[in-house]
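S.K.: What shape does this take:
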Amino acid sequence: MTDYFIRPMHLSELKAFFKQIEQDFPPDEYPPYEVMYTHLEERIQNGLVFCNQSIDLAYAICADSHSNDHVLISQLAVFPEYRGQRIGSAFVSAICERYAYKQSILVEVERPELAATLKDQNLRNLRIKFYENLGFYIIPNIEFSIWDVPMHLMALSYKTPVETLHQEIGQIIHQIYYSLMGQRFIHKLQFRKL
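M.R.: Predicted coordinates:
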């Protein structure tokens, strides 16, 4: 069996990882380089690198340091040459183990029903299925967008009972994004219960 492990992403590596982020994500799904650098430097977020021996296979940026004890996986991607080998599943499983002492782990996925093309819709459905296969579920009865991008919030709850998570998710996500965006940009988070 392959021995995978997670190592911290060092600030000196961020420039190279950021180039990969620019390839893996649309521009409205990640902050500017300087903001991400500051977040990692001040430990508002942490960069995680998934490895096998000395080979980097995947990376994630996680907002995991705020006081509400919930984790948001902001970005997660497998390097192109390692995709299709279940590396992503192994990485998310390792992240879940790493944060099993937290209240919950949250991820955002774009809403399939709002995709511009059938290809994009299928890709979004695959992302949802990927997380569902790892125990996440879509939080029901909410409308959520960040930077004007409508999203589903998915959760894997550990310590917080599911009913409590559903009741408090608006406050939880606001606290996380306030630490990421500050007063100036928090209005770009839109959330309401349906």
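
S.K.: Now do the buried residues in the helix or strand hosting A58.
M.R.: According to DSSP states H and E, A58 maps onto strand 55-63. Residues D56, L57, A58, Y59, A60, I61, C62, A63 are the ones in strand 55-63 that count as buried (16 or more other C-beta atoms under 10 Å). For every residue, glycine as well, the C-beta is placed using N, CA and C.

S.K.: ditto for stretch 111-121
M.R.: Buried residues in stretch 111-121, defined by neighbour count with 16+ other C-beta under 10 Å: R111, P112, Q121.

S.K.: What of stretch 139-156?
M.R.: With burial defined by 16+ other C-beta under 10 Å, the residues of stretch 139-156 counted as buried are I139, I142, F144, I146, V149, M151, H152, L153, M154, A155, L156.

S.K.: what does it rub up against?
M.R.: 28-29, 96, 104-111, 114, 128, 131-132, 134-138, 165-166, 169-170, 173, 177, 188-194 (C-beta atoms under 8 Å, 6 or more residues apart in numbering).

S.K.: quick one on the thing from earlier: any idea which of the buried residues of stretch 111-121 is the one closest to P161?
M.R.: R111 (26.1 Å; C-beta to C-beta).

S.K.: Confirm for me that the closest one is in contact with R124.
M.R.: Yes - judged on C-beta atoms under 8 Å, R111 makes contact with R124 at a distance of 7.1 Å.
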